[in-house]
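> sequence and predicted model, in that order:
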Amino acid sequence: MASRKALVPEAREGLNRFKMEAASEVGVNLKQGYNGDLTARQAGSIGGQMVKKMIQHYQMNNLK
């Protein structure tokens, strides 16, 4: 079973900002705190946007 305890607690704020930025880019309005009223499609689009941006960042910083 997965643990909800962060491996790097200091990263939580940065990840929250990243999530809010990705949500705004795909047109989903997130609020601080609980967002259980999101549809699976909305939540998936936020996660997908985050992964897309992480891959782009990696590719830009690791080209040789």
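The structure has been received and is ready for your questions. Here the structure is a predicted model, which means the values were calculated and not measured. Numbers count the residues shown, from 1 in each chain.
> any idea of the mean pLDDT in the longest helix seen in the chain?
Assignment by DSSP state H gives helix 40-61 as the longest helix of the chain. Computed over helix 40-61, the mean pLDDT rounds to 96.
> per-residue pLDDT of Ser3, please?
On the pLDDT scale, Ser3 gets 67.
> from Pro9, how far out is Arg36?
Slight slip there: residue 36 is Gly, not Arg. 23 Å (C-beta to C-beta, to the nearest Å). All C-beta spots, glycine's among them, are computed from the backbone N, C-alpha and C.
> returning to what we had before: contacts for the longest helix of the chain, please.
Contact partners of helix 40-61, identified using C-beta atoms under 8 Å, 6 or more residues apart in numbering, comprise Phe18, Lys19, Ala22, Ala23, Glu25, Val26, Val28, Leu30, Asn35.
> I'd like to know which of these are buried.
Lys19, Ala22, Ala23, Val28, Leu30 (16 or more other C-beta atoms under 10 Å).
> helices or strands next to the helix or strand containing Arg17 in the packing?
Per DSSP states H and E, Arg17 falls inside helix 12-25. Under the contact criterion of 3 or more C-beta pairs under 8 Å, 6 or more residues apart in numbering; DSSP states H and E, helix 12-25 touches helix 40-61.
> hmm, back to that, distance to Ser45 added to the buried ones among the contacts of helix 40-61, as TSV?
Below are the buried ones among the contacts of helix 40-61 laid out as TSV (distance: C-beta to C-beta, whole Å):
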residue	distance to Ser45
Lys19	12
Ala22	9
Ala23	8
Val28	6
Leu30	12
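> turn those into CSV, columns for pLDDT.
What follows is those, written out as CSV (pLDDT from 0 to 100):
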residue, pLDDT
Lys19, 95
Ala22, 97
Ala23, 97
Val28, 97
Leu30, 94
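> noted, bye for now.
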